[in-house]
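Peer 1: can't give you the sequence, but here's the structure:
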């Protein structure tokens, strides 16, 4: 079993920046691709960004390209980050970390994720 714990959420003004972290622990950490999803009030959970085990491949939903950056700690591959800039009020959401037991993955949907964190709340004020 793998446990995912997110941190770094908080309140930020529109246009501001925030960095989220996700730490994975549990079973021996063989290759896992990891990603971020978010769920806003009254909305469905949606994919935001993801990164392969090597860190060489990254994936983003179109709406965050150029503003969000997903990265992986080279030394501690069980840590990933989401640097968010230019935040908008409608990006207020609980941000979840997720993982799949693959070195790389492209089908980043809610249904396909094997592990989930409990989420961290990001509130963007206007």
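Peer 2: Alright, I've got the coordinates. None of the values given here were measured: they were computed from a predicted structure. Numbers count the residues shown, from 1 in each chain.

Peer 1: Give the rounded mean pLDDT of stretch 77-94.
Peer 2: Stretch 77-94 carries an average pLDDT of 96.

Peer 1: how far does it stretch from start to finish?
Peer 2: Start and end residues of stretch 77-94 are separated by 23 Å (CA to CA, to the nearest Å).

Peer 1: Next, the buried residues of that stretch.
Peer 2: 77, 78, 80, 81, 82, 84, 87, 91, 92, 93, 94 (16 or more other CB atoms under 10 Å). Bear in mind the C-beta positions are built from the backbone N, C-alpha and C, glycine included.

Peer 1: Just give the nearest non-adjacent residue to the second one, would you?
Peer 2: Using CB to CB, 6 or more residues apart in numbering and skipping the chain neighbours, the partner closest in space to residue 78 is residue 24 (4.1 Å).

Peer 1: Show me what that neighbour is bridged to.
Peer 2: Taking DSSP bridges as the rule, residue 24 bridges to residue 4.

Peer 1: Report the contact partners of it.
Peer 2: Residues in contact with residue 24, defined by CB atoms under 8 Å, 6 or more residues apart in numbering, are 2, 3, 4, 5, 32, 34, 78, 79, 97, 99, 115.

Peer 1: Tell me the pLDDT of it.
Peer 2: Note on residue 24: pLDDT of 92.

Peer 1: I'd guess residue 63 is in a helix, am I close?
Peer 2: Yes. Assessed with DSSP: H, G, I helix; E, B strand; the rest coil, residue 63 lies in a helix.

Peer 1: Give me the neighbour count for it.
Peer 2: Burial measure for residue 63: 13 neighbouring residues, criterion other CB atoms under 10 Å.

Peer 1: Tell me how far residue 30 lies from residue 91.
Peer 2: Separation of residue 30 from residue 91 (CB to CB, to the nearest Å): 33 Å.

Peer 1: circling back: need the buried residues of stretch 77-94 in JSON lines with secondary structure, can you?
Peer 2: As requested, the buried residues of stretch 77-94 are exported to JSON lines (three-state DSSP):
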{"residue": "77", "secondary structure": "coil"}
{"residue": "78", "secondary structure": "coil"}
{"residue": "80", "secondary structure": "strand"}
{"residue": "81", "secondary structure": "strand"}
{"residue": "82", "secondary structure": "strand"}
{"residue": "84", "secondary structure": "strand"}
{"residue": "87", "secondary structure": "coil"}
{"residue": "91", "secondary structure": "helix"}
{"residue": "92", "secondary structure": "coil"}
{"residue": "93", "secondary structure": "strand"}
{"residue": "94", "secondary structure": "strand"}
